[in-house]
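Undergrad: Starting from these lines, generate the structure:
(one chain, ligands or ions: 2)
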Amino acid sequence: EPGVDDALLDGLNPPQREAVLHRGPALLIVAGAGSGKTRVLTHRIAGLLSTREAWPSQILAITFTNKAAGEMRERVSALIGDEARGMWISTFHSACVRILRREAEQFGFKQSFTIYDSGDTRALVKRLIKDSGSDTLGLTPGGTASKISKAKNDLHDVDSYRETANLSDPREQAFVEIWRRYDHELRRANAFDFDDLIGQVVYLFRAFPVVAALYRKRFRHILVDEYQDTNRAQYALIRELTQGVPAHTLPDQRGEIPGASLTVVGDSDQSIYAFRGADIRNIVEFERDFSDAKVVLLEQNYRSTQHILSAANAVIKHNFDRRDKNLFTTEGDGDMIVGYTGYSGHDEAQFVADEIVSLQTTGMPWSQIAVFYRTNAQTRALEEILIRSAIPYKVIGGTKFYERAEIKDAMAYLVAVANPDDAMSLRRILNVPKRGIGPATEAALQSFADEHDITLRDAMRRVDELGFGPKVTGAIRTLATLLDAHSQAENPDPGSVLADLMGRTGYLDQLRASPDAQDAARAENVEELIAVTREFRKANPNGSLIDFLTEVALVAAADELDDSEGQVSLMTLHTAKGLEFDAVFITGVEEDLLPHRISANEPGGPAEERRLFYVGVTRARKRLYLSLAMTRAQFGEVTVAMPSRFLQEIPAELIDWRQSPGFVNGRGGSQSRALNARQGGARQGALGTGAAPRSMGRYPSLPEGEKKAFPNTIAEVRDNSGLELVPGDRIRHKDFGEGRVSAVTGVGAKRVAEVQFDAVGKKRLLIKIAPIEKL
Ligand code: ATP
Ligand code: MG
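TA: Numbers count the residues shown, from 1 in each chain. Ligands and ions are numbered 1, 2, ... in the order given. From the prediction side, this is the model:
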């Protein structure tokens with residue numbers, strides 16, 4: 001047993017210690033959420049370094065986000081001090097970019113290559129489809145781009161794909177052709193797309209054994225967090241890196257070098273990226289692929305209360321083909337899970353906001369509260385209410401700064417400076433700001449480039465040969481000269497480059513001079529980007545323009561989280577992976593939303609949705625709220641929502657179902673009570689219903705015996721399909737009282753009445769299920 005310092009083992013339970021101390025070729029830590037997997041990885045790295053079994057440079061640790069990488073680095077440093085520098089702790093993508101920057105010239109790329117994000121990819125594919133006329137075959141840019149991506153993640157290249165493709169199908173033939181030209185364009189632009197970053201490194205290692213040997217020799221310990229979400233290409237990369245080095249490839253070595261030791265940690269119950277090619281087989285088959293692997297199981301959870309864990313266990317049990325594990329904690333049951341059914345998405349959002357405020361008044365900081373949802377469309381109602389309630393919040397992965405047009409323009413200027421070969425960025429800025437270079441001129445430049453087999457930038461440099469008028473020629477020459485001057489500078493400061501370009505091209509002045517108020521905001525955004533580039537240089541004194549562009553290209557949604565800020569975090573369930581919060585709200589726990597309807601007919605789809613829900617539940621430390629709405633405006637219409645099957649999988653005694661505030665006595669039978677209780681939004685009357693609520697606050701608990709009634713399907717309770725309503729009718733609503741119909745829209749089961757209620761104002765009701773009667 002290695003002599004790992006006791007201080008590093010303090011605060012670890014026996015199986016965690018075992019995982020930290022095990023030495024051998026392969027170690028698999030399979031464990032449920034919050035059981036300390038990431039913590040074990042961190043301590044294991046610290047142990048290897050502190051005993052001098054490994055130098056920092058011999059360690060490669062892979063995390064799922066850049067933020068997680070930063071945290072792991074900090075924790076290792078906190079455990080053993082500054083010598084931790086020099087380790088590679090990063091995402092797969094960042095590690096591969098580092099390797100490619102060093103080795104790209106081996107296979108015909110330049111070191112200054114740039115990275116196409118999914119938007120760039122789609123734009124390029126769109127142009128290729130149009131040029132080839134394949135749009136008539138029904139090829140769409142989005143569909144084609146994701147098909148290429150999927151194939152690349154499965155480690156196909158266009159030739160290997162072609163061999164298995166059905167080429168008698170003209171669409172498939174067109175697809176293969178588009179892909180081939182797409183790759184060709186990337187190479188011409190000296191660019192990689194996201195999937196290439198991984199795939200090309202695998203290719204590099206396979207094609208150049210000497211290069212592979214270099215990295216195999218270097219990395220002696222490879223550790224991978226969130227292993228369940230690796231795809232085939234990433235798996236292949238791991239296998240490449242962990243192979244031994246035969247003596248003959250290293251003339252100066254006496255004997256062969258054994259493969260690196262590999263540690264992977266993961267939870268197959270949290271595999272949620274199959275749609276991006278993640279392959280759950282990678283974890284299931286690990287033991288077979290690495291036959292001498294040691295397996296360690298962790299079951300004690302250190303994050304959540306027992307009630308939260310019991311709910312998580314109960315739900316995930318409904319998935320088959322899994323290794324049974326039962327998370328437990330010694331910290332006690334904690335509070336009950338709170339459930340709430342809003343009358344609409346707005347009512348649900350109001351509940352969320354009210355509960356957030358009451359959590360905050362009990363001393364929980366905003367930053368410890370998170371709201372999750374399945375689809376981005378759900379944020380609209382949430383944001384409206386949060387703003388109205390003066391709750392500071394941040395949409396993680398929602399405010400896409402780098403996707404704004406003006407930011408893309410400015411970034412395209414930077415890319416054009418850093419990578420003169422990139423035609424895409426040049427095309428974007430050719431006539432931005434307007435300088436009289438129209439589509440015909442652009443096409444002429446491009447065909448001149450194609451004819452002479454030179455880049456678009458070269459064509460611009462030779463503009464005199466093209467015979468354009470003096471104004472256009474002058475404009476192109478000025479732009480080319482300006483860009484070239486920056487391209488040739490020795491490691492220029494990104495901030496100065498950007499400020500100079502935005503100033504000299506007149507881009508900023510044009511925005512500032514515009515009468516459009518939006519343009520003023522755009523100018524501010526560009527200034528903000530200039531500030532970002534300056535900060536970058538401050539943080540990385542030797543950071544080059546390429547480094548800056550790489551960093552921007554690789555940010556993931558979760559990287560935007562900033563714990564220090566006092567804000568509630570809103571994010572999709574996918575983004576929530578690996579994070580933890582004191583209080584978590586999962587909204588829209590409805591059939592068709594969670595599980596999402598797109599997954600319903602896919603093999604393994606519902607099981608993956610259940611894992612997604614499980615990921616959400618297990619992010620909560622102390623408080624968990626599950627909410628839904630009876631009706632929801634989505635997919636462009638108002639639909640009736642049914643409670644998610646996942647709610648029924650949670651033992652009823654774990655959930656404290658709440659009802660609307662101001663809900664008054666005098667209810668009918670228990671069935672209609674259950675219905676009423678699921679309608680938020682009624683705001684008449686005072687608190688206190690006589691139902692002896694155990695919970696304080698605005699939303700009292702449902703009376704005992706009624707909890708079991710949940711969930712009834714709404715259709716069982718009421719069906720108003722036959723009710724004929726026209727504007728002017730007076731109606732009575734169970735909660736909202738009397739009102740007058742002002743409009744009726746939609747047809748059949750989707751008919752919606754807009755009603756002006758005497759007491760509570762305007763409401764939109766789905767006629768089919770609303771508890772209303774005509775007067
Ligand atoms: P996930 O599956 O969500 O990625 P995980 O298994 O990686 O979770 P960690 O994030 O490492 O779990 O740990 C969860 C929480 O429990 C963290 O706050 C961590 O510091 C704490 N923790 C882990 N092990 C222990 C321990 N032995 N004693 C005290 N706290 C622990
Ligand atoms: Mg983790």
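
Undergrad: And for the residue in the chain that ligand 2 sits nearest to, the neighbour number?
TA: Each residue of the chain has a distance to ligand 2, by C-beta to the ion, and the smallest belongs to residue 38, at 3.4 Å. The C-beta positions use only the backbone N, C-alpha and C, and glycine is treated the same way. Counted by other C-beta atoms under 10 Å, the residues lying close to residue 38 total 19.

Undergrad: contacting residues around it?
TA: Applying C-beta atoms under 8 Å, 6 or more residues apart in numbering to residue 38 gives the contacts 68, 72, 225, 265, 578.

Undergrad: Secondary structure class of it, three-state.
TA: Three states are possible here, and by DSSP: H, G, I helix; E, B strand; the rest coil the one that applies to residue 38 is helix.

Undergrad: distance of it from residue 701?
TA: Residue 38 sits at a distance of 36 Å from residue 701 (criterion: C-beta to C-beta, to the nearest Å).

Undergrad: quick one, helices of the stretch 301-450 of the chain?
TA: 306-316, 345-361, 379-388, 405-418, 423-429, 439-452 (DSSP state H, counting those that start in this stretch).

Undergrad: now the stretch 651-775 of the chain
TA: Secondary structure of the stretch 651-775 of the chain (DSSP H, counting those that start in this stretch): helices located at 670-677, 714-717.

Undergrad: which stretch in the ones you listed has the least confidence?
TA: Ranked by mean pLDDT, those bottom out at helix 670-677, with a mean of 37.

Undergrad: Low-confidence ranges, the stretch 651-775 of the chain, go.
TA: Scanning the stretch 651-775 of the chain with the threshold set as pLDDT under 70 gives 661-697, 704-719, 721.

Undergrad: how about the residues of this protein that lie near ligand 2?
TA: With C-beta under 5 Å from the ion as the criterion, the chain meets ligand 2 at residues 37-38, 578.

Undergrad: any idea where the strands of the stretch 51-200 of the chain begin and end?
TA: When secondary structure is read from DSSP state E, counting those that start in this stretch, the stretch 51-200 of the chain shows strands at 59-63, 88-91, 114-116, 191-193.

Undergrad: So which elements touch the second one?
TA: With contacts taken as 3 or more C-beta pairs under 8 Å, 6 or more residues apart in numbering; DSSP states H and E, strand 88-91 sits against strand 59-63, helix 66-80, helix 92-103.

Undergrad: Just send these back as CSV, with distance to residue 42 and mean pLDDT too.
TA: Listed next are the helices and strands packed on strand 88-91 as CSV, based on distance: least, C-beta to C-beta, whole Å; pLDDT from 0 to 100:
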stretch, distance to residue 42, mean pLDDT
strand 59-63, 9, 95
helix 66-80, 5, 89
helix 92-103, 18, 94
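
Undergrad: winner for burial among the ones you listed?
TA: When these are scored by mean count of other C-beta atoms under 10 Å, the highest mean neighbour count falls to strand 59-63 (a mean of 24).

Undergrad: Residue nearest the middle of this protein, spatially speaking?
TA: residue 575 (4.2 Å; C-alpha atoms, centre = their mean).

Undergrad: Do you know the pLDDT at that residue?
TA: The predicted structure lists residue 575 with a pLDDT of 89.

Undergrad: Tell me who's in contact with the closest residue to residue 233 other than its chain neighbours.
TA: On the basis of C-beta to C-beta, 6 or more residues apart in numbering, the spatially nearest residue to residue 233 that is not a chain neighbour turns out to be residue 198, at 4.5 Å. Contacts of residue 198 were listed using C-beta under 8 Å, 6+ apart, and they are 92-93, 96, 153, 233-234, 237.

Undergrad: now, the most widely separated pair of those?
TA: Considering C-beta to C-beta, no two members of the contacts of residue 198 lie farther apart than 96 and 153, which are separated by 13.2 Å.

Undergrad: just the strands in the stretch 501-650 of the chain please.
TA: Ranges of strands within the stretch 501-650 of the chain are 568-572, 581-586, 620-634, 637-640, based on DSSP E, counting those that start in this stretch.
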